[in-house]
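Colleague: sharing a sequence plus its predicted fold:
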Amino acid sequence: MIDSAEIKQDQQAIQLTALQREVEQLRQENTDLQIALSTTAEHGDLIEAQIHAVNIQLKAKSAEQQRTAAQLAKLLEILSQEKDDLETTLRTLVDHGDAVDEQWEAKLDEAISLASLDSLTQIANRRRFDEHLTQQWKQMAREKAPIAVILGDIDYFKQYNDLYGHLAGDACLKQIALTLRKSALRPIDLVARYGGEEFGVILPQTDLQGAVEVAERMRASIEKLQIPHARSQNSAVVTLSLGVACTVPLPSQLWIDHLEQADQQLYQAKEGGRNRFAAINSK
C-alpha cells in the first residue's frame, strides 16, 4: 500500500518539475528581451536621423506653402485693383459715350472736309471736283436732265506771277476763287480749283443757256475785281477765259469726254482774244 507520505512526495516532484519549466521559460524570454533591446539601441541613431530629416522636409514645405500663399494673395490684390480700374473706365465710357461719339463724328467730318478742300483757296479741290462730277453725271443720266461743265483759266497768269511775285499770285487766286464760288448760286453747284490757275464749275440740271449766263456772270465778276495786271496783253486788270460744255448724258458716255469738250471751248476762248467764254451744246 501506498502511504500518504509517498503521495505527498510525488506531488512535490510534479510541482518541482513545473517550476523548473517556468524558470526555463522566463530565462528564454529574458534572453529575447535583451536581444530586442540591443537591436533597438543599435538602430536608434539611424531612426532619429531619419525623423530629423523628415522634420526638415516638412518645415521646408511649410515655408514654401506660406510663400506661395503670400504671392497668391498679392496677385489677387493686383487683379482686384485692375478690375476696379476697368469698371471705372467702363462706367466713364458709358456715361460719356454720346459726347465721345459726337467728338469723333466732328473730327471725321473735319477730316473729310479738309481732304476735299484746296489748301490755298479753301474751295473744293480736284479730287472733290472729280467725285462730284462722277456722282452728278450718273444722276443726270438717270433723270435724263442736262449738266454743264465750265473750265476757267486766268489770262496771262504766269506773267502776273513773274511781275508781282508768287505771294501776290496766291492772293489773286484766293480772290478769284471766292468770287467764282459766290457766282455759283445753288447748293448743288460746285466750284473747284482744277489745278494751277484753272478752275472748274459743275452745274447739274442746267441747260446751255443757263450755263452761259453763269459763265458770263463769272467773267464779269472777275473783271470787276480790278486787280491790276500790267503785263496782260488784253487788259489792264486780271481777266478770266472760260469754256462751257452742256449735254444730257447717256449711260454709255464718259464724263471725261465731256470735260475734254469744255477744255476745247476754253482753248477757243483763249484763241478768240481772252476775257470771254466759248460754249457748246454737245450730243
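Modeller: Structure received. Numbering: from 1, shown residues only.
Colleague: so, low pLDDT: which residues of this protein?
Modeller: 1-2, 100, 283 (pLDDT under 70).
Colleague: please repeat the previous calculation with a cut-off of 90.
Modeller: With pLDDT under 90 as the threshold, the chain has low-confidence stretches at 1-115, 185, 251-252, 282-283.
Colleague: in it, where's the longest helix?
Modeller: What stands out as the longest helix in the chain, according to DSSP state H, is helix 4-95.
Colleague: what separates it from the chain centre, distance-wise?
Modeller: On the basis of CA atoms, centre = their mean, to the nearest Å, helix 4-95 sits 67 Å off its chain's mean C-alpha point.
Colleague: same check, this time on stretch 214-234
Modeller: Centre-to-centre, stretch 214-234 and its host chain are 48 Å apart (CA atoms, centre = their mean).
Colleague: end to end on it, go ahead and measure it.
Modeller: Its first and final residues considered, stretch 214-234 spans 22 Å by CA to CA, to the nearest Å.
Colleague: can you name the residues bridging to the nearest residue to residue 188 once chain neighbours are set aside?
Modeller: Closest residue in space to residue 188, ignoring its immediate chain neighbours: residue 204 at 5.2 Å, by CB to CB, 6 or more residues apart in numbering. Glycine gets a C-beta too; all of them are placed from N, C-alpha and C. Per DSSP bridges, residues listed as beta-bridge partners of residue 204: residue 147.
Colleague: just give me the neighbour total for residue 204.
Modeller: Other residues near residue 204 number 21, with proximity taken as other CB atoms under 10 Å.
Colleague: wait, isn't it in contact with residue 210?
Modeller: No - counting by CB atoms under 8 Å, residue 210 is not a contact partner of residue 204; they are 10.8 Å apart.
Colleague: ranges for the strands of the stretch 101-250 of the chain?
Modeller: Residue ranges of the strands in the stretch 101-250 of the chain, as given by DSSP state E, counting those that start in this stretch, are 147-154, 190-195, 198-204, 240-247.
Colleague: which ones are touching the residue nearest to residue 188?
Modeller: When contacts are counted by CB atoms under 8 Å, 6 or more residues apart in numbering, residue 204 is found next to 136, 139, 140, 145, 147, 188, 189.
Colleague: gap between it and residue 184?
Modeller: 11 Å (CB to CB, to the nearest Å).
Colleague: same question, residue 213
Modeller: From residue 213 to residue 184 the distance is 12 Å (CB to CB).
Colleague: residue 9 too?
Modeller: In this view, residue 9 and residue 184 are 160 Å apart by CB to CB.
Colleague: who has more neighbours out of these two?
Modeller: Counting neighbours by other CB under 10 Å for residue 9 and for residue 184 shows that residue 184 has the greater number, 19 against 9.
Colleague: which non-adjacent residue is nearest that one?
Modeller: Of all residues beyond its chain neighbours, the one nearest residue 184 is residue 191 (5.0 Å), with distances taken as CB to CB, 6+ apart.
Colleague: was I right about the one you found contacting residue 199?
Modeller: Yes - taking CB under 8 Å as the definition, residue 191 is a contact partner of residue 199 at 6.6 Å.
Colleague: list the contacts of residue 159.
Modeller: Listed by CB under 8 Å, 6+ apart, the contact set of residue 159 reads 229, 231, 232.
Colleague: can you pull out the helices in the stretch 101-250 of the chain?
Modeller: With DSSP state H, counting those that start in this stretch as the definition, the stretch 101-250 of the chain shows helices at residue ranges 126-143, 157-164, 166-183, 208-224.
Colleague: tabulate those (JSON lines), appending distance to residue 97.
Modeller: Putting these into JSON lines (distance: least, CB to CB, whole Å) gives the following:
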{"stretch": "helix 126-143", "distance to residue 97": "32"}
{"stretch": "helix 157-164", "distance to residue 97": "52"}
{"stretch": "helix 166-183", "distance to residue 97": "38"}
{"stretch": "helix 208-224", "distance to residue 97": "46"}
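Colleague: and residue 191 and residue 199? which has more neighbours close in?
Modeller: A side-by-side neighbour count of residue 191 and residue 199, using other CB under 10 Å, places residue 199 first with 29 against 25.
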